[in-house]
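A.B. asks: The following comprises the amino acid sequence and a computationally predicted model.
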Amino acid sequence: SNQEVAETAALALGIRGGERALERLIAILAGDTRSLAERFGVDVGAQIPERTRAFAAYGIGLAAAHMTTYDRLVAARALREALAVPKVRVDVATACIVALGSFALEDDGRAPPTVGFVPRVLMSRAEQLGFLLERLDDERLPNEARAQVPLAVARVAAHENTRNELRERVCRRIVDACDRHSRENAQVRAACAIALGVLGDCDADEVDGLVRSTLLNAAQNDSDLSVRCFATMALGQVGGRPGNVGDNAISVAGDISSYLLGSLSRATSQLRPWAALGLACQARASADAHFASRSDEIGAVLRAALADAKSAVEIGVLGLALGVARDRNAEGVLRKQLEATSDISARARLCLALGMTGATSATSLITAQLERSRYQADALRSAALALGMLGDRSVVPTLIDTMQSTNSLSAQAALASALGRVGDTRAVAPLLALAKDTARPELARAFAVVALGALADARLRPWNVELSTNAFYVAVPVSLAEPLQGTGALDIL
């Protein structure tokens, strides 16, 4: 539809970046139809739809993340002004908060603004963080928008070279909001738990001890299940981050491992998957940081748990946990469960896990799953992504053939992404032929163009990484995430 084209075009402008693209996006976000007509020759009618304005905000965040200091100041001002509108609606409010968390202004040493003071222009990282933190208390904002604040703040505060003073202020405010006795609703408390997982570490700093104790208390005692689940996983993230390495960090990491291992063996069926994911996050982060950990023990426990798992949910989650942990010894149990289970979702997650663990000898098994899943979008998508991760170029003809034959939007997006990962010059000719073939369905031709773009993309990470990393999916407007229809900003490609 024309609306979908407008939304995708706004994101495309953000991906492209540059001053002119940023100026157009700012005009769209402001609803400035006159400026768009006079300066850019674009006639958008009398009024710009709310969703289009929200997508423009996401585009501003994407563009600003890769632009100059001055351009980021311009972007921050536009997003701040859009949030200041007295009756700002949920789609635009959420988009502006998420976008403000996708890039960081310079930390120029100036002091954080006084609590309650809202600067008219955001000139520094301190003012950016202060403005975002004030949105937690902004009663004008819908809960969906307020629930995005903790993660936006955490992404900015976790940016390199953020002063300890700013990070500590952020941590203490989020700790207060995460407390089960606070006035915050469960959605905001859950988002705060995830944010603390982004910010905390294992060293002896007072504020990090406060972060860990808050998460442990939330994991054990919060009245809301989602808060307990997210806090459990966040503990694993903290446990894999050494901070200022010392005996305290090693001891704390060991205590967190012990707690999560105990939770995996003793917790209710609802919490067990989150304990598994927490352990996986800890093992992976520890390995990435070259930090002493119990990753061998964690891997062995997760493999044993997967071997014994009976429910499709546990099979899928434990498989993903082994993938996140990048357990190189997991291929055997992953293959065994993939061959045994008939559940579509579990098969999808096991394929992803094989790709994440680098199980190159499982390529033929995953290819068989791909061919088996032509009419099962979730499994097809996961098998395609797994093959992309494994980088087996021999599967390119199969991927192209499958993309021609499926009508699923999400499956074709995944196949295009996989071709972008594993394709080479041999994929160009058949993709061009598919794109030009007017007898083919328009959707298949469109995603052939997408795959060609992915082949030529020099970036190592997906285009939406600034928006999707540590995103809070629990309470979002459909303009941000709508997985059933695939029309949210985080669902596109």
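C.D. replies: That came in fine, so what should we check first?
A.B. asks: Next one: the closest residue in space to residue 381 that isn't next to it in sequence relative to residue 463, how far apart?
C.D. replies: Excluding its sequence neighbours, the residue lying closest to residue 381 (CB to CB, 6 or more residues apart in numbering) is residue 414, at 3.5 Å. Yep, even glycine has a C-beta here, placed from its N, CA and C like the rest. Separation of residue 414 from residue 463 (CB to CB, to the nearest Å) stands at 15 Å.
A.B. asks: more crowded one of these two?
C.D. replies: Using other CB atoms under 10 Å, the more surrounded residue of residue 414 and residue 463 is residue 414, with 28 against 18.
A.B. asks: Please look at the more buried one and residue 380 and confirm they touch.
C.D. replies: Yes - using CB atoms under 8 Å as the test, residue 414 is close enough to residue 380 to be in contact (6.9 Å).
A.B. asks: Now the lengthiest helix in the chain: buried residues?
C.D. replies: When every helix of the chain is counted residue by residue (DSSP state H), the longest turns out to be helix 247-266. Within helix 247-266, the residues scored as buried using 16 or more other CB atoms under 10 Å are 248-249, 252-253, 256-257, 259-261, 263-264.
A.B. asks: and which of these is nearest to residue 101?
C.D. replies: Minimum distance to residue 101 across the buried residues of helix 247-266 is 26.1 Å, recorded for residue 256 (CB to CB).
A.B. asks: Not counting sequence-adjacent ones, nearest residue to the closest one?
C.D. replies: Counting by CB to CB, 6+ apart, residue 256 lies nearest to residue 239, which is 3.4 Å off, once chain neighbours are set aside.
A.B. asks: quick one, what contacts the one you found?
C.D. replies: For residue 239, the contact set (CB atoms under 8 Å, 6 or more residues apart in numbering) comprises 202, 252-253, 256-257, 260, 278, 281-282, 285-286.
A.B. asks: For residue 481, state which of the residues you listed is nearest.
C.D. replies: residue 281 (21.3 Å).
A.B. asks: Which residue ranges of the stretch 351-493 of the chain form helices?
C.D. replies: For the stretch 351-493 of the chain, the helices defined by DSSP state H, counting those that start in this stretch occupy 363-372, 377-390, 396-405, 409-422, 425-436, 442-456, 465-468.
A.B. asks: Let me have those in TSV, extended by distance to residue 144 and mean pLDDT.
C.D. replies: Output for these, formatted as TSV (distance: least, CB to CB, whole Å; pLDDT from 0 to 100):
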stretch	distance to residue 144	mean pLDDT
helix 363-372	36	88
helix 377-390	25	83
helix 396-405	34	79
helix 409-422	23	73
helix 425-436	38	84
helix 442-456	29	81
helix 465-468	15	88
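A.B. asks: Can you tell me which helix or strand of this protein has the lowest average pLDDT?
C.D. replies: Comparing helices and strands within the chain by mean pLDDT, DSSP states H and E singles out helix 409-422 as the least confident, with a mean of 73.
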